[in-house]
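Participant: got a sequence here, can you model it:
(one chain, ligands or ions: 1)
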Amino acid sequence: MSEVDDIFVIGGGINGCGIARDAAGRGYSVRLAEMNDLASGTSSWSSKLIHGGLRYLEHYEFRLVRESLNEREVLLKMAPHIIWPIRFVLPHHSGMRPAWLLRMGLFLYDHIGKRKLLPGTKQVNLKTSPIGESLKPIFSKGFEYSDCWVDDARLVVLNAKDAQERGAIIETHTKVVSARREDGYWNITTKNLRSGDTAQHKARLIVNAAGPWVDKVLNETFESSRAKNVRLVQGSHIVVPKIYDHDRAYIFQNADNRIIFALPYEQDYTLIGTTDQDYQGDPADVKITDPEISYLCTAASEYFEKPVNSDDIVWSYSGVRPLFDDGATAAQEATRDYVLRTDGDSNELRVINVFGGKITTYRKLAESMLEKIEEFNGARKDSWTANSYLPGGDFEVADYTKLVTELKTEFIFLEMSLAQRFIRSYGTNAWAILKGASNLKDMGQNFGGSLTEREVKYLIQHEWAESAEDVVWRRSKLGIRLSKQEILALDEWMQTNVASVKHAA
Ligand code: FAD
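Facilitator: Numbers count the residues shown, from 1 in each chain. Model (predicted):
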């Protein structure tokens, strides 16, 4: 039997890892169990935006929008390698919301949250500006405003890494199978899904951050009466070869009152999403459906001069939003805000459940969780994450290009594109990966694209990567560039080498 942890976190998505990091930084002893890979749930299938959510203004979600708008710059400063500003272009469509309404919404968007680094809204002439060139000529007027892009899966891993550096124990491929109140502690049984080994842990408090599995955990792990707190809403994205040649994103209004995004993706592609449809079944099995593909192609083709066809799709992905069930009738109208609910009265051990939430608000969600934890475990330290850096993010937002140049100057053999990718993925930790390398041979085996043995070993030793899928779809997005054979060969290499590489760390 292990020692008693202050906090046991179920789930290694953005919320679980964000809470573990905040709590560990305040001096609590924390253990986190993730049943698969970190970010393998909803947190790697998002639209990858740190955004206020312009559309939520129409649902009067002012609290959520204000908090989200404020978080854009807090998170940007915290992780300037994996988060960067992006300008959105909103074309005015004569059959949809009138221009005055768009202008008013964007005025609010510019002013209800704090904004120092991100430029404000401006009107654009789509007839004369290059950003109108890829659109149908009927679109003549538009607006441009700011939000941020995030590498969602890396945000999760960097939170886990920082939590670990602050003392938390992070266990992947470890499922929580039962939790019982016994002798004044939670007695928690975990099962390693790779080895089949089970283990017992004691904790004073449990955080249930199992995302779309949150109700399943309540029903099966805690044996609660049938819980139904979240509404599962599927959202899918398609990736096509890049439709336009500039760095802006588009936000398109759709006839059903929804919006979709078209975003620059991995230099050579355009990411289009998303959808909203109720989902039943295991969130792990979610897949894009034909109606979703056709919906996204039709919605994008309404705006782009060159129609988007299903044949253009090079990759697609789907995720399940665990939205707090607020009784809204349409999936798109269900609140995106989060709710933290404590189960267990004052004489009982507690479990605090996370329902809903956005990647954008994960840090604030963690702070709210810590307020609840402090009620029970006693306060240790003040909130601290607002002015912190995530691993590799200890540089100024404006210094990205400078950092790329420094890396390229020191490691002269790196292609410019690889130097850029390394700074975007690892920030100042790129130096740790490249330490001692003086030519390409020192990078070891090349697995395809720009992925080499040295990088893969770093991911195994420092970022919990255990399979090719972890490396090419979550720690990086190189899967879109590698062939099936290359991914298979990488997987075989990993199966053979993971244990010894871990051991060598
Ligand atoms: P998850 O990431 O699902 O993490 C829960 C984890 O718990 C999983 O990894 C799972 O394996 C683990 N788990 C479950 N049961 C157990 C168990 N018994 N033992 C151990 N582990 C367990 N938000 C934004 O801010 N911006 C966006 O652009 C955006 N776009 C989105 C687009 C789509 C299509 C979707 C679906 C969501 C989007 N979101 C966006 C919302 C955001 O992605 C989610 O709110 C967020 O990722 C939820 O994180 P989580 O940690 O709660 O859940």
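
Participant: show me what the longest helix seen in the chain is packed against.
Facilitator: Among the segments of the chain that qualify as a helix by DSSP state H, the longest is helix 484-504. Contacting helix 484-504 under the criterion 3 or more CB pairs under 8 Å, 6 or more residues apart in numbering; DSSP states H and E are the following elements: strand 446-448, helix 453-462, helix 468-469. Backbone N, C-alpha and C define where each C-beta goes, glycine included.

Participant: pull the residues that contact that helix.
Facilitator: The contact list for helix 484-504 (CB atoms under 8 Å, 6 or more residues apart in numbering) reads 445, 447-449, 451, 456-457, 460-461, 465-469, 471-472, 479, 482.

Participant: now restrict the residues you listed to buried residues only.
Facilitator: Neighbour counting over the contacts of helix 484-504 (16 or more other CB atoms under 10 Å) leaves 447-449, 451, 456-457, 460, 465-469, 471-472, 479, 482 as the buried ones.

Participant: among those residues, which has the minimum pLDDT value?
Facilitator: Scanning the buried ones among the contacts of helix 484-504 for pLDDT, the smallest score is found at residue 449, 90.

Participant: pull the number of nearby residues for the closest residue to residue 92 other than its chain neighbours.
Facilitator: Here the nearest residue to residue 92 in space, its sequence neighbours aside, is residue 141; by CB to CB, 6 or more residues apart in numbering that works out to 4.5 Å. Applying other CB atoms under 10 Å, we find 17 residues neighbouring residue 141.

Participant: how close does residue 141 sit to the ligand?
Facilitator: Per CB to the nearest ligand atom, to the nearest Å, residue 141 is found 26 Å from the ligand.

Participant: residue 70 too?
Facilitator: In terms of CB to the nearest ligand atom, residue 70 sits 13 Å off from the ligand.

Participant: likewise residue 283?
Facilitator: Separation of residue 283 from the ligand (CB to the nearest ligand atom) stands at 7 Å.

Participant: pretty sure that residue contacts residue 214?
Facilitator: No: using CB atoms under 8 Å, residue 283 is not in contact with residue 214, being 10.3 Å away.

Participant: picking up where we left off before, which stretch among the helices and strands packed on helix 484-504 comes nearest residue 166?
Facilitator: Among those, helix 453-462 comes nearest to residue 166, with 14.9 Å by CB to CB.

Participant: got a list of contacts for that closest one?
Facilitator: Under CB under 8 Å, 6+ apart, the answer for helix 453-462 is 161, 432-434, 437, 442-447, 465-466, 470-471, 475, 490, 493-494, 497-498, 501-502, 504-505.

Participant: okay, residue 283 and residue 214: which has more neighbours?
Facilitator: The neighbour count for residue 283 versus residue 214, taken as other CB under 10 Å, is higher for residue 214 (24 against 21).

Participant: that one and residue 207 touch, don't they?
Facilitator: No: shown here, residue 214 and residue 207 do not form a contact pair, counting by CB under 8 Å, at 10.7 Å.

Participant: now the common contact residues for the two.
Facilitator: Residues touching both residue 214 and residue 207 by CB under 8 Å, 6+ apart: residue 354.

Participant: put the alpha carbons of the longest helix of the chain into PDB.
Facilitator: Provided in PDB are the C-alpha atoms of helix 484-504 (Å, rounded to 0.1, in the frame of the first residue of the first chain):
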ATOM      1  CA  LYS A 484       1.400   4.200 -43.300                       C
ATOM      2  CA  GLN A 485       4.600   2.100 -43.800                       C
ATOM      3  CA  GLU A 486       6.700   4.700 -42.000                       C
ATOM      4  CA  ILE A 487       4.300   4.900 -39.100                       C
ATOM      5  CA  LEU A 488       4.300   1.100 -38.900                       C
ATOM      6  CA  ALA A 489       8.100   1.000 -38.900                       C
ATOM      7  CA  LEU A 490       8.200   3.600 -36.200                       C
ATOM      8  CA  ASP A 491       5.800   1.600 -34.100                       C
ATOM      9  CA  GLU A 492       7.900  -1.600 -34.500                       C
ATOM     10  CA  TRP A 493      11.000   0.400 -33.500                       C
ATOM     11  CA  MET A 494       9.100   1.700 -30.500                       C
ATOM     12  CA  GLN A 495       7.800  -1.700 -29.400                       C
ATOM     13  CA  THR A 496      11.400  -3.000 -29.400                       C
ATOM     14  CA  ASN A 497      13.100   0.000 -27.800                       C
ATOM     15  CA  VAL A 498      10.700   1.800 -25.400                       C
ATOM     16  CA  ALA A 499      11.700  -0.200 -22.400                       C
ATOM     17  CA  SER A 500      15.500   0.200 -22.900                       C
ATOM     18  CA  VAL A 501      15.200   3.900 -23.800                       C
ATOM     19  CA  LYS A 502      13.100   4.600 -20.700                       C
ATOM     20  CA  HIS A 503      15.600   2.600 -18.600                       C
ATOM     21  CA  ALA A 504      18.500   4.600 -20.100                       C
END
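
Participant: show the pLDDT at the residue nearest to the spatial centre of the chain.
Facilitator: In the chain, the centroid-proximal residue (CA atoms, centre = their mean) is residue 152; its distance is 2.6 Å. As predicted, residue 152 sits at a pLDDT of 98.

Participant: name the SS class of residue 319, please.
Facilitator: Residue 319 falls in the strand class when you classify it by DSSP: H, G, I helix; E, B strand; the rest coil.

Participant: so what sits opposite it in the bridge?
Facilitator: residue 235 (DSSP bridges).

Participant: show me the contacts for it.
Facilitator: Contacts of residue 319 by CB under 8 Å, 6+ apart are 41, 42, 44, 45, 46, 234, 235, 236, 283, 286.

Participant: out of everything not next to it in sequence, what's closest to the third one?
Facilitator: Nearest residue to residue 44, sequence neighbours excluded (CB to CB, 6+ apart): residue 153, at 3.9 Å.

Participant: which residues does the one you found contact?
Facilitator: Residue 153 is in contact with 38, 39, 43, 44, 473, 474, 475, counting by CB under 8 Å, 6+ apart.
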